[in-house]
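*Asks:* Please work out how this folds:
(2 chains)
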Amino acid sequence: MADAALSPMKGTGLDEAEQGRDMVLVDRVTKEFGRGEQAVTALDAVSVRILENEFFTLLGPSGCGKTTLLRLIAGFELPTRGQILLDGQEIGHLPPYKRPVNTVFQSYALFPHMTVSQNIRFGLEMLRKPDAEIEQTTRAMLSLVRMEALANRRTDQLSGGQQQRVALARALAPRPKVLLLDEPLSALDLKLRKDMQIELKRLQNETGITFVFVTHDQEEALTMSDRVAVMQAGNILQIGAPKEIYNRPAKRFVADFIGDINIIDATLGNVTGAKGQVTLPGGASLTAYLSDSSISQGAVSIAFRPENLRLVAPDDAAASVIGQIENVVYFGSGSNVHVRLENGTTVVVRTSDSIGALDARTGVEIPEEHVQVLVD
Amino acid sequence: MLAPVQDTSNETRLARARRLRDVEERRTRRFLLAPALLVIGIFGLFPLTISMLYSILTPGTYGGVTWKLSGEAYLQFLFERDIFDGSLSLSSTYLQIYGRSIGLALVATIGALILGFPTAYFIASKPREQRNIWLFLITLPFWTNLLIRTYAILLIIRDEGIINLGLMSVGVIETPLNILYTDGAVFIGLIYSYLPFMVLPLYASLEKLDFKLVEAAYDLYANRFQVLRRIIIPMAKPGIVAGCILVFIPGLGAYITPELLGGGKKLMIGNMIALQFGSSRNWPFGSAAALILMVVVMAALLIYVRNAGKQGAHHG
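*Replies:* Sure, this is the predicted structure:
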């Protein structure tokens, strides 16, 4: 039954050949808070499959439902409708302590009345593991997160990064089938965050545990994930590998949310397969990818990344559009050049080349393989 | 010999300035404490000194004391003097009263803890704006005098009271349950009187409990009972201790409750002391009994505070 709902593999970032074993299967799950008239829908019939040993990220702005989805998998919330399967078992209505799933909380939620190693042992003790195993696993976890030296410290004596490591070790110690991470890096400063991103990836590789990671930071999502689900207003808009999400955004929201992008109006002409003929402002024409086969001819939005564009002379044959240099924003490794087209739209070009003077006329080359026609 | 180093580095000067500021702050704090110290001095230490003095004097014939030093009051606590030859023999009469009082106060404290904990947890888990209403309801009994509230309990639990009449009309019992003038009645009265003193400190510590910790424990395979035992109770420990102290100490010295509900048949410390200043006309013994009670309670508290202090040091 679950498979019937999810059978079209298109748009999930998985090729038929790439499919592994399903670890988490969320099947048309709806979550409403409140009752009757005041009910708020946090998740609207969301379906997603997460594979064994995958680093899967739920990405979206606050209030998009990503944390609710995570809490449903953890068992802190129960679904209003729909099923959640973990490794083939329906777990949607089990309490959290009966699910082989552990969580790293945004605030870490370390037990302040326990030491580092007592925190790590807690889950193992609750599972009534033999003492020898508890000792051994605790030591292994301490070394996995490189916290051996601080094993007997109280958790309130630790820095943010150290607390983070303890929270990870505590959640990994019982060897859950899935590790849920609720924006665990958001409280760290930039430098530490970058280090922890690499650290998390290392931990996932070493333990082979499926990670489900929640974040609103698109860069973080692209850096670490095998696949990303972009969410908005209780729905999943697109699921795919980071490159796919970045290069081939399916919807306007996804394009806008991830990275810098130019979105301009254009006209769609003939459609052949997955591509269509697009007429740009100013009359030039190119063949662009369609993000969805349902897009019909007429007025559309097209999207392309600033780093894929090139400034050319106005009379160059390669110039797709022509405009005036309105503004130049320098950022170290290059500059963002804002070019104002004749119809008033601004296109941003990222370049490290020399740039003409302000107000100078310039052409912008838009390579057609980088252009995507969007669904609103 | 080297010339003395003029230590005027910036850090030293900063440290000196900080020390000066600390001294000033301490002075301000002491100033703020002065009114309270004055009140405690006049109304606390002064009467205490009088009690100490009276406890080593001789009882007057019609109450009061005569100015003759005597250790009799303290001897009387443990020994009985033979009326004829004046010899001393061990007597446990007063120890029994102390024992019963401590027992009743302990049981009442445990009862209040068992009743108060879920109450405090319930209030702490309510949305912030609702909590004040619940707290107000908890403190509502304080708006009426304890004596009147105790009479109210008396009316409820007496043979012709609501409980007995109700149970009899339903047919559960045929003859009224004898509740009034038993230890049970004192127990009920003590719990009722001091329950708010248990709930309030419990609430104060449970309110600070981060609910994420409870979620984390559930997530780590702890069931409800284990969450309570391993997370909630340890986190609420300061509140539990404060609540127990606040119930146990006044419970131990309670006067009105055992007098009215216990019927004065079995003495508690409070009534025994009152008796010495009333019909027994033995002020020195009353003073001694009160001081012994105070020393016992203070010793228990000191031992606790010392232990808690050791644990607190680990907290950092």
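*Asks:* which stretches of chain B form strands?
*Replies:* Per DSSP state E, chain B carries strands over the ranges B:58-59, B:65-66, B:79-81, B:88-90.
*Asks:* Mean neighbour count, the ones you listed: which tops it?
*Replies:* Neighbour counts (mean count of other Cβ atoms under 10 Å in any protein chain shown) averaged over each of the strands of chain B peak at strand B:58-59, with a mean of 19. Where you see a C-beta, it was placed from the backbone N, CA and C, and this is true even at glycine.
*Asks:* and that strand, average pLDDT?
*Replies:* Mean pLDDT, strand B:58-59: 88.
*Asks:* pretty sure residue A:265 belongs to a strand, no?
*Replies:* Yes - with DSSP: H, G, I helix; E, B strand; the rest coil as the criterion, residue A:265 is assigned to a strand.
*Asks:* how about the residues of chain A near chain B?
*Replies:* Within reach of chain B by Cβ under 8 Å from any Cβ of the partner chain, chain A has these residues: A:74-76, A:95-97, A:101-103, A:105, A:107, A:109-113, A:122-123, A:126-127, A:154, A:156-157, A:170-171, A:174.
*Asks:* So which of those residues sit within helices?
*Replies:* Counted as lying in helices by DSSP state H, out of the residues of chain A next to chain B, are A:74, A:122-123, A:126, A:170-171.
*Asks:* Of those residues, select the buried ones using a PyMOL command.
*Replies:* In PyMOL, this line selects whichever of these come out buried by 16 or more other Cβ atoms under 10 Å in any protein chain shown:
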select buried, chain A and resi 74+122+123+126+170+171
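*Asks:* which residues of chain A score low on pLDDT?
*Replies:* Across chain A, the ranges flagged by pLDDT under 70 are A:1-19, A:376.
*Asks:* Domains in it, by residue range?
*Replies:* A:2-100+A:176-252, A:260-374 (automatic domain parsing).
*Asks:* got a list of what the residue of the stretch 251-376 of chain A found nearest chain B touches?
*Replies:* Residue of the stretch 251-376 of chain A nearest chain B, by Cβ to the nearest Cβ: residue A:257 (27.8 Å). Residue A:257 makes contacts with A:59-61, A:218, A:230, A:232, as judged by Cβ atoms under 8 Å, 6 or more residues apart in numbering or on different chains.
*Asks:* among those residues, which are in helices?
*Replies:* residue A:218.
*Asks:* Just the buried ones from the contacts of residue A:257?
*Replies:* A:59-60, A:218, A:230, A:232.
*Asks:* biggest separation within these, which pair?
*Replies:* Greatest spacing in the buried ones among the contacts of residue A:257, by Cβ to Cβ: A:218 and A:232 (12.7 Å).
*Asks:* Okay, strands next: where are they in the stretch 1-150 of chain A?
*Replies:* Using DSSP state E, counting those that start in this stretch, the strands assigned to the stretch 1-150 of chain A run over residues A:22-33, A:40-51, A:55-59, A:81-86, A:89-90, A:101-104.
*Asks:* Excluding covalently adjacent residues, which one is nearest to the spatially most central residue of chain B?
*Replies:* Nearest to the geometric centre of chain B sits residue B:249, at 2.3 Å (Cα atoms, centre = their mean). In this structure, residue B:249 finds its nearest non-sequential neighbour in residue B:297, 5.8 Å apart by Cβ to Cβ, 6 or more residues apart in numbering or on different chains.
*Asks:* what about that neighbour, how many neighbours?
*Replies:* Residues lying near residue B:297 (other Cβ atoms under 10 Å in any protein chain shown) number 16.
*Asks:* On the pLDDT front, check it for me.
*Replies:* Per-residue pLDDT puts residue B:297 at 88.
*Asks:* Same check on residue B:109?
*Replies:* 95.
*Asks:* what does residue B:243 give?
*Replies:* Reported pLDDT for residue B:243: 94.
*Asks:* I figured it hits residue B:196, correct?
*Replies:* No - taking contacts as Cβ atoms under 8 Å, residue B:243 lies outside contact range of residue B:196: 9.9 Å.
*Asks:* which one of the two has more residues nearby?
*Replies:* Neighbour totals were compared for residue B:243 and residue B:196, and residue B:243 leads with 29 against 21 (other Cβ under 10 Å).
*Asks:* ok, the more buried one - contacts?
*Replies:* Contacts of residue B:243 by Cβ under 8 Å, 6+ apart are B:112-113, B:116, B:197-202.
*Asks:* Tabulate those (TSV), appending pLDDT.
*Replies:* Putting the contacts of residue B:243 into TSV (pLDDT from 0 to 100) gives the following:
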residue	pLDDT
B:112	96
B:113	96
B:116	96
B:197	94
B:198	96
B:199	95
B:200	95
B:201	95
B:202	95
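*Asks:* and the two most separated of those residues?
*Replies:* B:113 and B:200 (13.0 Å).
*Asks:* The residue of the stretch 51-200 of chain B found nearest chain A: how many residues sit nearby?
*Replies:* The stretch 51-200 of chain B approaches chain A most closely through residue B:127 (13.7 Å), counting by Cβ to the nearest Cβ. For residue B:127, the neighbour count with other Cβ under 10 Å is 6.
*Asks:* Can you read off the pLDDT for it?
*Replies:* 90.
*Asks:* what sits against the residue nearest in space to the middle of chain A?
*Replies:* Computing the C-alpha centroid of chain A and ranking residues by Cα atoms, centre = their mean puts residue A:59 first, at 3.6 Å. Residue A:59 is in contact with A:66, A:215-216, A:218, A:221, A:228-231, A:257-258, counting by Cβ under 8 Å, 6+ apart.
*Asks:* nearest to residue B:42, of those residues?
*Replies:* residue A:216 (62.3 Å).
*Asks:* so the closest one touches residue A:58, yeah?
*Replies:* No - if you go by Cβ under 8 Å, residue A:216 and residue A:58 don't touch, sitting 9.7 Å apart.
*Asks:* so what's in contact with the two at the same time?
*Replies:* With Cβ under 8 Å, 6+ apart, residue A:216 and residue A:58 have common neighbours residue A:66.
*Asks:* So for these two, which residue has more residues nearby?
*Replies:* residue A:58 (31 against 19).
*Asks:* give the contact list for that one.
*Replies:* A:66, A:69-70, A:212-215, A:229, A:231.
*Asks:* ok, now with 6 Å
*Replies:* A:66, A:214, A:229 (Cβ atoms under 6 Å, 6 or more residues apart in numbering or on different chains).
*Asks:* got those residues as a markdown table, with neighbour count columns?
*Replies:* Output for those, formatted as a markdown table (neighbours: other Cβ atoms under 10 Å in any protein chain shown):
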| residue | neighbour count |
| --- | --- |
| A:66 | 29 |
| A:214 | 24 |
| A:229 | 26 |
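*Asks:* pretty sure residue A:81 is touching residue A:31, no?
*Replies:* No - counting by Cβ atoms under 6 Å, residue A:81 stays clear of residue A:31, with 8.4 Å between them.
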